[in-house]
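A.B. asks: Pasting the sequence and the predicted model now:
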Amino acid sequence: MELTLQNTNKNLTFQILIAMIAGVLVGRLLSFGVSENEDITINLIIFTLSLKDFLVEGLFNIGGEIFITSLKMLVVPLVFVSLVCGTCSLNDSAKIGRLGIKSIVLYLITTAIAITLALTIAIFVSPGEGTSLPTDANFASKTAPGFADVIIGMFPPNPIDAMAKGNMLQIIVFSILFGIAMALAGKPGQRLASVFNDLNDVVMKMVGILMSLAPYGVFCLMAKLFTYIELSEVLKLGKYFFTVLIVLFAHALITYPLILKLLARLNPIIFFKKMKDTLMFAFSTASSNATMPITLNTVTQKLGAGNSVASFTVPLGATINMDGTAIMQGVATVFIAQVYGIDLAFSDYVAVLLTATLASVGTAGVPGVGLILLAMVFQQVGLPVEGIALILGVDRLLDMTRTAVNVTGDATVSCVVARSEKALDEEVFKSNN
């Protein structure tokens, strides 16, 4: 597929950055209420509150939701069409197995590294020591499905229903089976493949249109978020908040570059330069699934990974890659244990590492997976699940950064797997596109 997004504004990164900053500033301005002690008429107070409600719950809410919904709208057709195109072009069914094994192993390894790094730094920093927080907060945890149920649930009884509900694992399995069947069908499959390749170009064109509108959507999202966000919560949980941020940045800027350099012999600086637009999208949307169309386009068009590989690794990563969430779980475990005065043994930390790493695949595609995983980790080591409520106040801001880290991991693994399969174009990777 030769289609690229070079026709979109070359200053997109700058525009998104300006939109984010403007959104934060507008949101903070709107967050300040009108004091009753001010010498101001009642009519002006009503007008000010009405204007705030019109902007935040009206204009900004509508603009942000339309932007996010439009991105999500493309996820199912993009994953289905792209995976079918990639699978039917492989010709070697054994290659699909290799891609699956390599991808899952790499995602599990990066998740294990992420939570190990989180536990190590959190134990050293001790974010919960000296923190005085109410420990009577309530949190209702959901029960994670059994591993066997998840494996069985990967196979869709109704693929149309799976697409309607956005069940990524079921869509991935059906798309792969459909692509294999097309490859084995001979001429009918070849004719259908040309149709899917054309559909792929059309879907990517839609991605380009949405990218050109991104600054407006990002502004609306940031303005609404920072109108309601309680900065006092960030200050109260400052040590926990910044510990998670430090580990997230360390994982993104140390672990991933080392993997790229050692396993794929690729320049991490070039990698991050080409990922900047995608990371902006991931941060502002706080959703790996919503960012998936942008991630796939970046991995194939800018980083040079073959569509046959990227169409498999990117959707899989958006579903099971939990590096950012694993980091939050590691720091949160240490933090809550210290707040409640519970001493964890070395074996408890090992249990956290294994539970979070393996459960990231076992609970893939489950709604609210981050909190479900955290509840599972807490139950595993005997921590009160209610403690999750203590950190929910700052979780939205951290979730934005976690998503950017997860997306970076998806692209990193895609490049490594593509390089191992000789499906990465180094000229595209090193180019200035």
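C.D. replies: Cool, got the structure.

A.B. asks: Contacts for stretch 154-161 next, please.
C.D. replies: Contacts made with stretch 154-161 from outside it, assessed by Cβ atoms under 8 Å, 6 or more residues apart in numbering, are listed as 162, 167, 169-171, 173-174. Bear in mind the C-beta positions are built from the backbone N, C-alpha and C, glycine included.

A.B. asks: please redo it, this time with the cut-off set to 6 Å
C.D. replies: 162, 169-170, 173-174 (Cβ atoms under 6 Å, 6 or more residues apart in numbering).

A.B. asks: What of stretch 61-77?
C.D. replies: 163, 203, 206, 210, 217, 220-221, 224, 285, 289-290, 292-293.

A.B. asks: Mind giving me the ChimeraX command for buried ones among these?
C.D. replies: Command for ChimeraX that selects the buried part of the contacts of stretch 61-77, burial taken from 16 or more other Cβ atoms under 10 Å:
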select :163,203,210,217,220,221,224,285,289,290,292,293
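
A.B. asks: Lys205 - how many residues pack around it?
C.D. replies: By the measure other Cβ atoms under 10 Å, the count of residues near Lys205 is 12.

A.B. asks: any idea how far Lys302 is from it?
C.D. replies: Lys205 sits 16 Å away from Lys302, going by Cβ to Cβ, to the nearest Å.

A.B. asks: How about Glu129?
C.D. replies: From Glu129 to Lys302 the distance is 44 Å (Cβ to Cβ).

A.B. asks: before we move on, what about Leu199?
C.D. replies: 22 Å.

A.B. asks: Which residue of these two possesses the greater neighbour count?
C.D. replies: Comparing Leu199 with Lys302 by other Cβ under 10 Å, the one with more neighbours is Lys302, at 24 against 17.

A.B. asks: you'd agree the more buried one is up against Lys274?
C.D. replies: Yes - contact between Lys302 and Lys274 holds when scored by Cβ atoms under 6 Å: they sit 4.2 Å apart.

A.B. asks: What is the least confident helix or strand in the chain?
C.D. replies: Within the chain, confidence by mean pLDDT, DSSP states H and E is lowest for helix 42-53 among all helices and strands, at a mean of 58.

A.B. asks: what distance separates stretch 59-73 from the centre of its chain?
C.D. replies: Distance of stretch 59-73 from the chain centroid (Cα atoms, centre = their mean, to the nearest Å) equals 17 Å.

A.B. asks: Could I get the buried residue list for it?
C.D. replies: For stretch 59-73, burial by neighbour count (16+ other Cβ under 10 Å) applies to 60, 63-64, 67-68, 70-72.

A.B. asks: Now do the same for that stretch: mean pLDDT, whole number.
C.D. replies: Averaged across stretch 59-73, pLDDT comes to 84.

A.B. asks: swap in stretch 350-363?
C.D. replies: Across stretch 350-363, pLDDT averages out at 74.

A.B. asks: next one: stretch 262-279
C.D. replies: On average, the pLDDT along stretch 262-279 is 93.

A.B. asks: Now do the buried residues in it.
C.D. replies: Buried residues in stretch 262-279 (16+ other Cβ under 10 Å): 263-264, 266, 268, 270-272, 274-275, 277-279.

A.B. asks: Looking at those, spot the one nearest Ile229.
C.D. replies: Of all those, Ile229 sits closest to Leu279, with 20.6 Å by Cβ to Cβ.

A.B. asks: Contact partners for that closest one?
C.D. replies: Ala404.

A.B. asks: If we use 8 Å, what do you get?
C.D. replies: Taking Cβ under 8 Å, 6+ apart, we find Leu279 in contact with 404, 407-408.

A.B. asks: Could you count how many residues lie near Ile151?
C.D. replies: Number of residues near Ile151 (other Cβ under 10 Å) recorded here: 12.

A.B. asks: again but with Glu57, I slipped
C.D. replies: The number of residues packed near Glu57 is 12, by other Cβ under 10 Å.

A.B. asks: Just give me how far stretch 307-316 sits from the chain centre.
C.D. replies: 15 Å.

A.B. asks: Tell me the spacing between the most centrally placed residue in the chain and Thr69.
C.D. replies: For the chain, the residue sitting closest to the mean C-alpha position, by Cα atoms, centre = their mean, is Ser288 at 2.8 Å. Distance, Ser288 to Thr69, by Cβ to Cβ: 16 Å.
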